[in-house]
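Student: please work out how this folds:
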Amino acid sequence: MWTTAIAPGRDAVRRDVGKVTARLASMLQAKARANGLDGQPGNSAATARTGPPVVLLATSDFTADELEDLPRRVWQSALQPSMLVGAVVDSLGSGHGMRLPPGTPAWSLSVLEPSHHPSPEAISLQATGFAVPAAAVHARRNKAVGRWPDLTQWGGAASGSGPPSWVSGARRSDGSDGNAGPAFSSISQSPLRDPWDILPTSLKHRSVPPSLFLMFGDNESHEILQSANSEFPTARLFGLVGARTPFSTGRPFTLFYNDQVMSGGAVGLALSGRGSSQGHHNTGMGNETVGYVDLDLNAYEPLTEPIAISRCRGNIILELDGRNATREILQQIEKSKMEAPSDYRLNVVVQDPAVGRTGVFALSGGDLAKGTLAIDMLADLAPGMTVQLLRFQGKAPAMSGYENGSASGPQLDSQVVQFEVLGTDRNDARPAADYGLAETPSMHVRRGLAAYSELGFIRGDRLTLGGFQVVSVPHVRGTLTF
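Tutor: Predicted coordinates:
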């Protein structure tokens, strides 16, 4: 299903674009002939381009000209992809935590192969490429606790202006009440805009609604995720936040869409169809939710038992088990007889036992005097939810749950996409030999698709707290299985 060619090396863009695209095109043609089909199989009847959808990823270690020109060269290659999405990311690898050493220039091209198998259990997907420019979303510039906009800046009644329509009961500068719209439903999340002010209309006109979004974006994707989750509540969201590239390309982020380069927003594939027997869920709407996402926290161990939230507001915990929240956490850490993290960074698993939803977040702050704790999250907490502190074990997650590779190292299954959050120390990288690569590595083909980001990956499904989340806790791994 997913076949990935990885081309590492300082000259990999200049040297290997033709080699990579020709090899992938040859593999697809051979499979098509073996299944009694002529030519190159395609996934989109609406375009004259006959190739498959592809994901193009690259590290930021190439020159600006090479990165800017890379999507155009792949788009115009013999592979003739029907759609191309991707980004500049922090690292590439073969999955299972196996990634190229820091500073290794590399790019990869992943092909979503069509299924030719006649079995009803075969995976069959339809893809639509989409792009959301950065200008379409409102950036959430600052992380803050209790910081509100100055509502007096909208003028008084005499001028005919007042607070925005999403503010209810706000005080105008003349002291009168503003009742221009619905009340706030959350102190953590921004009011929901019309999803189609953000999402491309190409998704609206599909005959079958998307059941999976595989996407790449910048660090301001909240409104895009919120819109997709609102309009397609049964669809799963999975994606990766790209690397910051101001010193590589002069762009804040570098995203690829067909033969174009974007400076932010999001790009991706909207998928619908039938996944594997273990990876789909019938929505009852003539479509099936493709794939399932597994969250791997093996790099962490519990620092406390789950503790029930008694009182909270937004992302602020006021009481745990009916007691001062800060004091309760400190007592639990002391009771565990386990050393607190040396860098004083604490992460937590938040669970809603009533519906079985979970999320993993950073503990972003606390007030010993007030006894409150702040969780770095946008979903609202609620009484009855539980929090459990985590402690990093000091080693990368163990390899498990996937088929073994050849002597050249473990590989992902072809039905797997795996994203992982990098630690800022970069000490978890494996040597090149662990990939079956020589000291001077060359292009090689792997199954599956794997990439890594310091800024996190996107997860969204019915088991995710709040419906969606950008997971930014280091060394946490997400695996999408079709």
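
Student: please make it C-alpha for all contacts and neighbour counts, starting now.
Tutor: Fine.

Student: is Ile309 bridged to anything, and to what?
Tutor: Applying DSSP bridges to Ile309 gives these bridge partners: Leu320.

Student: what is the burial count for it?
Tutor: Using other CA atoms under 10 Å, Ile309 is surrounded by 22 other residues.

Student: go on, Arg72?
Tutor: By other CA under 10 Å, 17 other residues sit near Arg72.

Student: mind checking the SS state of it?
Tutor: Using DSSP: H, G, I helix; E, B strand; the rest coil, the secondary structure recorded for Arg72 is helix.

Student: ok, for it, nearest residue in space, not its chain neighbours?
Tutor: Spatial nearest neighbour of Arg72, chain neighbours left out: Asp259 (4.3 Å); criterion: CA to CA, 6 or more residues apart in numbering.

Student: Pro52 versus the one you found, what's the distance?
Tutor: Asp259 sits 15 Å away from Pro52, going by CA to CA, to the nearest Å.

Student: so if I had to pick from these two, which one is more boxed in?
Tutor: A count of neighbours by other CA under 10 Å puts Pro52 above the other of Asp259 and Pro52, at 24 against 17.

Student: could you report the neighbour count for Ile307?
Tutor: By other CA under 10 Å, 20 other residues sit near Ile307.

Student: my guess is it meets Gly384, correct?
Tutor: No - counting by CA atoms under 8 Å, Ile307 stays clear of Gly384, with 9.3 Å between them.

Student: any chance you could map the helices in the stretch 51-200 of the chain?
Tutor: Along the stretch 51-200 of the chain, counting by DSSP state H, counting those that start in this stretch, helices occupy 64-75.

Student: show me the shaky parts of it.
Tutor: Scanning the stretch 51-200 of the chain with the threshold set as pLDDT under 70 gives 94-98, 102, 115-124, 139-191.

Student: all the strands of it, in order from the start?
Tutor: Listed in chain order, the strands of the stretch 51-200 of the chain (DSSP state E, counting those that start in this stretch) span 53-58, 83-88, 91-95, 98-99, 106-112, 124-132, 168-171, 177-179.

Student: may I have the first one as CSV, with CA atoms only?
Tutor: The one in question is strand 53-58. Provided in CSV are the C-alpha atoms of strand 53-58 (Å, rounded to 0.1, in the frame of the first residue of the first chain):
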residue,chain,number,x,y,z
PRO,A,53,-1.0,10.0,-4.9
VAL,A,54,2.5,10.7,-3.4
VAL,A,55,3.9,12.1,-0.1
LEU,A,56,7.1,14.1,-0.5
LEU,A,57,9.2,14.8,2.6
ALA,A,58,12.6,16.3,3.0
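
Student: what residues does that strand touch?
Tutor: 43, 67, 71, 81-89, 91-92, 105-113, 127, 256 (CA atoms under 8 Å, 6 or more residues apart in numbering).

Student: the residue nearest to Leu295 when sequence neighbours are not counted sits in which helix or strand?
Tutor: Spatial nearest neighbour of Leu295, excluding adjacent residues (CA to CA, 6+ apart): Gly478 at 4.8 Å. Following DSSP states H and E, one finds Gly478 within strand 477-481.

Student: what's the first-to-last distance across stretch 34-51?
Tutor: Stretch 34-51 end-to-end distance (CA to CA) = 17 Å.

Student: related to what we said a few turns ago, turn the strands of the stretch 51-200 of the chain into TSV, including distance to Ala243 and mean neighbour count.
Tutor: Listed next are the strands of the stretch 51-200 of the chain as TSV, based on distance: least, CA to CA, whole Å; neighbours: other CA atoms under 10 Å:
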stretch	distance to Ala243	mean neighbour count
strand 53-58	10	26
strand 83-88	6	28
strand 91-95	9	26
strand 98-99	15	22
strand 106-112	13	26
strand 124-132	17	20
strand 168-171	39	17
strand 177-179	42	18
